[in-house]
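**Student:** show me the folded form of this:
(4 chains)
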Protein chains: 2
Amino acid sequence: MYERKTLPDLNCGLDLIGEILYGKWKMRLLWFINEGFQRPSELQRKIPGASRRVLNVQLKELESHELVGKVIYPVVPPKVEYYLTDFGQSLIPVIGAIGQWGDAHDQRLRTLILKETPHTGSTNGEKIVDQDGHFTDNPDRATTGR
Amino acid sequence: MYERKTLPDLNCGLDLIGEILYGKWKMRLLWFINEGFQRPSELQRKIPGASRRVLNVQLKELESHELVGKVIYPVVPPKVEYYLTDFGQSLIPVIGAIGQWGDAHDQRLRTLILKETPHTGSTNGEKIVDQDGHFTDNPDRATTGR
DNA sequence: TCAGATAGGGATAAATTTATCCCTATTGAA
DNA sequence: TTCAATAGGGATAAATTTATCCCTATCTGA
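**Tutor:** Residues are numbered from 1 along each chain as shown, chains lettered A, B, ... in the order given. Predicted structure coming up:
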C-alpha cells in the first residue's frame, strides 16, 4: 500500500473534506450505495470506467474514514454488502448538490472540457484596462464612451 | 504544459464538475476570490500551503473553464485582478455547502485523517453474519438473542 | 472438466498532479 | 546600487493516483 510522504493540510473544512472525498470514484460510490447498489459487483457494473482494483481500494478508504460500513456474509461464492453509515448519509445532500450543479450545466461543461484543444495562443477573453479605465480588449466597451 | 493522454469520462454531473473542480486549490481560489481577494499576491498570502506556481496554473485552468475572468492593468509593477464570472458565482453555494460540511465535522475528520497510522491488522469494524443472521463480530448483537 | 461469478489483494507500470528552481521586467525604497 | 514587490512561465523532479496483470478460493452450470 502507498504510504504518504507529506503531511496533509488541515486548515479549513475544504481541506478536511478533500482528504476523504478526493478520489476519482468516491462520490459516485457513495451515491450508488445510497441508491441501493451495495454489492461490489453491482457497483462495478454501475461504474464500468473504473477498474475492479480501484473500486476496492477506494471502498476501503471510505470504510476507514467511516463513511461506509461493510457486512460480510460467510457464504460461497462470497457475498459482501456495503452500506452508508450515518456519517456517510450526511454527505449525500452535499454530493447531491454537486451532481445537480454538474447536471444543470451539462451542455456548457461538456463543451468547455472538450474544447481542451491545443491553444491558438489567443488570450481567453482577458480584459486589459488603461489608466482611464477604458477597456482595450473588449469590443463592446472599447467603442463605448469614445 | 501537460497534455492528457486519456479521454475524460463525461457520464454524469459528477464527472463533469470533477473535470473543472478537481485540483487541490481550485475551490479555495474560487472561494477567496468571491470574498474579495482578487489579486494573485493576495491569494498567495491566503493560501500559503500552495506554491506560487500551482496557483498560477490552477487560476489559468479556472479561467479557461470560464469560472473566473481576469483584468490586466497595464501598469508597473504589474497589477491583475481576478473576478468570478456568473458561471463561477453559481458554484459558490455548492462550495459553501461542501466547506460547511467539512467545518461541521471538523473534529471527527481531523481525528480520522490523523489516525492514518500503519494498520494493526484489525478489521475496521466489519460485520460478519452467519446463515441465521447472527452477527459474529459485533459484541452488542452477538450476545443478543442467544 | 472448464468457464464464469464472487471478493480481494500484491506487484508494477503509467498517468497525472504538485513542488522546486530559475529567469524575465520595472519601480520605489533603503 | 541592491532588495522587495508584482505577475508569469519553462524545465524538471517528486509525489500521488489509477491502471494492468496476475493469483487465491469455491460453487454452479454447460
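
**Student:** residue ranges of the helices in chain A, please?
**Tutor:** For chain A, the helices defined by DSSP state H cover A:13-21, A:26-35, A:40-46, A:52-64, A:86-89, A:92-104, A:106-114, A:139-142.

**Student:** so for stretch A:31-45, what gets flagged as buried?
**Tutor:** For stretch A:31-45, a neighbour-count test (16 or more other Cβ atoms under 10 Å in any protein chain shown) marks A:31-34, A:37-38, A:40, A:43 as buried. C-beta coordinates here come from the backbone N, C-alpha and C atoms, glycine included.

**Student:** of those residues, which ones also sit close to DNA strand C?
**Tutor:** Subset of the buried residues of stretch A:31-45 in contact with DNA strand C: A:Pro40, counting by Cβ under 7 Å from any atom of the strand.

**Student:** show me where chain A dips below the pLDDT cut-off.
**Tutor:** Counting by pLDDT under 70, chain A contains low-confidence ranges at A:117-125, A:130-133, A:135-146.

**Student:** next to DNA strand D, which bits of it? Give me the list.
**Tutor:** Checking chain A against DNA strand D by Cβ under 7 Å from any atom of the strand, the hits are A:2, A:4-6, A:22-24, A:49-54, A:57-58, A:76-78.

**Student:** A:Leu110: what's its closest spatial neighbour, skipping adjacent residues?
**Tutor:** I think there's a mix-up here, since residue A:110 is Arg and not Leu. Distances taken as Cβ to Cβ, 6 or more residues apart in numbering or on different chains place B:Leu10 nearest to A:Arg110, at 6.0 Å, with adjacent residues excluded.

**Student:** ok, now which ones touch the one you found?
**Tutor:** Shown in contact with B:Leu10 (Cβ atoms under 8 Å, 6 or more residues apart in numbering or on different chains): A:110, A:113, B:16, B:19.

**Student:** of those residues, keep whichever come out buried.
**Tutor:** In those, burial by neighbour count holds for A:113, B:16, B:19, counting by 16+ other Cβ under 10 Å.

**Student:** in a markdown table: these, plus distance to A:Ser64.
**Tutor:** As requested, these are exported to a markdown table (distance: Cβ to Cβ, whole Å):
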| residue | distance to A:Ser64 |
| --- | --- |
| A:Ile113 | 32 |
| B:Leu16 | 28 |
| B:Glu19 | 27 |
